[in-house]
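Colleague: After the sequence you'll find the predicted model.
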Amino acid sequence: MVGDTLQVDGVAEPGTQVQILIGGAVLGVAPVDEDGNFTFAVEFSGSGVQYIGCQGIDQDGNVMLAQVAGYVVVLD
């Protein structure tokens, strides 16, 4: 998967945003559409274990800590 793109899709509260994190650092922000869907493309540049996280951001810019999701991807 090195050099490949992983599509991160999910659902969240419509009108909010979702931060995408790699290893705890914010990689980018995905807007949530009116149906509650978001999508974000993550491109990996190195091999190893990658920790991907997603956390909701409300309309006021506050992190919604109760809505944090995490994933582990192993790249070879």
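Modeller: Now that the structure is in, tell me what you want to look at.
Colleague: any idea how far G24 is from T16?
Modeller: Per C-beta to C-beta, to the nearest Å, T16 is found 21 Å from G24. Yep, even glycine has a C-beta here, placed from its N, CA and C like the rest.
Colleague: The two - which one has more neighbours?
Modeller: Neighbours were counted for T16 and for G24 using other C-beta atoms under 10 Å; T16 has more, 19 against 7.
Colleague: Enumerate every residue touching the residue nearest to the more buried one when sequence neighbours are not counted.
Modeller: Leaving aside its sequence neighbours, T16 sits nearest to V32 (C-beta to C-beta, 6 or more residues apart in numbering; 5.0 Å). Residues in contact with V32, defined by C-beta atoms under 8 Å, 6 or more residues apart in numbering, are 11-18, 38.
Colleague: Closest one to G61 out of these, please.
Modeller: Q17 (8.6 Å; C-beta to C-beta).
Colleague: Now the closest one: closest residue in space that isn't a chain neighbour?
Modeller: Excluding its sequence neighbours, the residue lying closest to Q17 (C-beta to C-beta, 6+ apart) is I57, at 4.3 Å.
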